[in-house]
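Peer 1: let me see the structure of the following:
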Amino acid sequence: MVECKICKAFFEDDKSLHHHLKAHKLHVFEYYQTTSPRYDLYDKNLILFKNKKQYFETDFNSAKNMRLWLDQQLPEKRIDYLKNILLKRRDEKSLIYTLSQVELRSLKIPGLKYYNKVFENYYTFCESLGFKNKYSFPKKVAIKNIFEDSAAKIYIDTREQLPLEFDCPSEVKTLKFGDYAFSLSEKAGRCYVERKSLNDFIGTLSGGFERFENEIIRAKEAGAYLVILIEDDLNNALRFNTLEHLYKKGMKVTPEYIFHNVRQLIQKYDHIQFLFVKNRQEASQMIKKLFSNQNQVKKMDLQFHYDMGVL
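Peer 2: Numbering: from 1, shown residues only. Okay, the predicted model is just below:
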């Protein structure tokens, strides 16, 4: 049973309570912010309301505020707070793998760089908490020019409607999965690239989710490593509902829903990564780098290395 804190009436569940709030001429967010006010620990502004669970579990309105608050704390408190974020996430979601840069940033908590600064080695720390590491910090990101081989070329899937342009040999060919592959597959660590515009990404991770997961499974069965390369900035993807050219009136899908699906796939499959880059030109160059990195791709958190400017 749930009690209305205004009139003290009882309701079977939150849904019934929220419907009842119309009698008080209140929106759901107004009800909670009035009867159970919660404030950002850093700037003391009211916590923004998206849903009840988020409202009561959120301490900050932005990752920036969280970092600023953490910087003000004693080292012991900072360590405990960051540690508890990971433990809570691990236990609530039954996570297996250490959270990647895309997961951390999409959850609006400090990224891998910040965690690494506090704990010296993020992966070692997460392993001590019971996580399994997919990645490690390579001593050096070595990019070998494998296109010197006369047989080296990039395969472009026949279904690519807006193929990227390359300054190296390429050939249009039917691929079983992904949009781009390397002719000397083993030298590229059997890496394939699925390219998406931001609009494609949103559609794929919502209405096209089942079909996309089937493609991921096909890649797994073939022993391939699949990088989902989005030709737009991660910040834009995380706030696409504020971008007028993408978010149309009446559109119900939200960044929270999309990135919930992204995180689900990252934890479920160990042979995929999501990588967001600035634009199509960078996407084209990134594909060459991914194929040239050989087996390093599987060992690196690509988004982190891209964000750090070393990829």
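
Peer 1: what's the neighbour count on Tyr42?
Peer 2: Counted with other C-beta atoms under 10 Å, residues neighbouring Tyr42 total 19. Any C-beta I mention is one placed from the backbone N, CA and C, and that applies to glycine too.

Peer 1: am I right that it is in a helix?
Peer 2: No. With DSSP: H, G, I helix; E, B strand; the rest coil as the criterion, Tyr42 is coil rather than part of a helix.

Peer 1: that one contacts Phe60, correct?
Peer 2: Yes. If you go by C-beta atoms under 8 Å, Tyr42 and Phe60 touch, sitting 6.2 Å apart.

Peer 1: next, the buried residues of the helix or strand of the chain with the lowest mean pLDDT.
Peer 2: Least confident helix or strand, the chain: helix 296-299 with a mean of 88, by mean pLDDT, DSSP states H and E. If you call a residue buried by 16 or more other C-beta atoms under 10 Å, then helix 296-299 has these buried ones: 296-298.

Peer 1: one more: stretch 79-86?
Peer 2: 81-83, 85-86.

Peer 1: start to end distance for stretch 293-305?
Peer 2: Terminal residues of stretch 293-305 are spaced 13 Å apart (C-alpha to C-alpha, to the nearest Å).

Peer 1: repeat that for stretch 162-178.
Peer 2: 14 Å.

Peer 1: renumber starting at 7 from here on
Peer 2: Got it, first residue is 7 now, which makes that one stretch 168-184.

Peer 1: tell me the domain boundaries of the protein?
Peer 2: Using automatic domain parsing, the domain parsing of the chain gives 8-63, 79-134, 152-313.

Peer 1: looking at those, spot the one closest to Tyr141.
Peer 2: domain 152-313 (4.5 Å; C-beta to C-beta).

Peer 1: could you check how far the closest one is from the centre of its chain?
Peer 2: Computed by C-alpha atoms, centre = their mean, to the nearest Å, the chain-centroid distance of domain 152-313 equals 13 Å.

Peer 1: that one: end-to-end distance?
Peer 2: 24 Å.

Peer 1: could you do stretch 205-224 as well?
Peer 2: First-to-last residue span, stretch 205-224, C-alpha to C-alpha: 24 Å.

Peer 1: quick one: Ala230 and Tyr186 touch, right?
Peer 2: No. Counting by C-beta under 8 Å, Ala230 stays clear of Tyr186, with 11.9 Å between them.

Peer 1: any residues in contact with both of these two?
Peer 2: Tyr198 (C-beta atoms under 8 Å, 6 or more residues apart in numbering).

Peer 1: which one's more surrounded, the two?
Peer 2: Legend: neighbour count by other C-beta under 10 Å for Ala230 and Tyr186, higher for Tyr186 (27 against 21).

Peer 1: hmm, the more buried one is touching Val199, no?
Peer 2: Yes. With contact defined as C-beta under 8 Å, Tyr186 counts as touching Val199 (4.2 Å).

Peer 1: the closest residue to Phe125 other than its chain neighbours: neighbour count?
Peer 2: Using C-beta to C-beta, 6 or more residues apart in numbering and skipping residues adjacent in sequence, the residue nearest Phe125 is Phe131, 3.9 Å away. The number of residues packed near Phe131 is 19, by other C-beta under 10 Å.

Peer 1: work out for me the element Phe131 sits within.
Peer 2: For Phe131, the host element (DSSP states H and E) is helix 128-134.

Peer 1: got the contact list for that helix?
Peer 2: So helix 128-134 is in contact with 92, 104-105, 118, 121-122, 125, 139, 141-143, going by C-beta under 8 Å, 6+ apart.

Peer 1: circling back: could I get the domains of the chain as CSV with distance to Lys70?
Peer 2: Listed next are the domains of the chain as CSV, based on distance: least, C-beta to C-beta, whole Å:
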stretch, distance to Lys70
domain 8-63, 9
domain 79-134, 9
domain 152-313, 12
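
Peer 1: can I get the CA coordinates of the longest helix along the chain in CSV?
Peer 2: Among the segments of the chain that qualify as a helix by DSSP state H, the longest is helix 81-99. Coordinates of each C-alpha in helix 81-99 appear next as CSV, following Å, rounded to 0.1, in the frame of the first residue of the first chain:
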residue,chain,number,x,y,z
PRO,A,81,40.1,10.9,0.3
GLU,A,82,38.4,8.2,2.5
LYS,A,83,34.9,9.5,1.8
ARG,A,84,35.6,10.0,-1.9
ILE,A,85,36.8,6.4,-2.1
ASP,A,86,33.8,5.0,-0.2
TYR,A,87,31.3,6.9,-2.4
LEU,A,88,32.8,5.8,-5.7
LYS,A,89,33.2,2.2,-4.4
ASN,A,90,29.6,2.1,-3.3
ILE,A,91,28.4,3.2,-6.7
LEU,A,92,30.1,0.2,-8.4
LEU,A,93,29.0,-2.2,-5.7
LYS,A,94,25.4,-1.1,-5.8
ARG,A,95,25.3,-1.3,-9.6
ARG,A,96,27.0,-4.8,-9.5
ASP,A,97,24.5,-6.2,-7.0
GLU,A,98,21.3,-4.6,-8.4
LYS,A,99,22.1,-5.6,-12.0
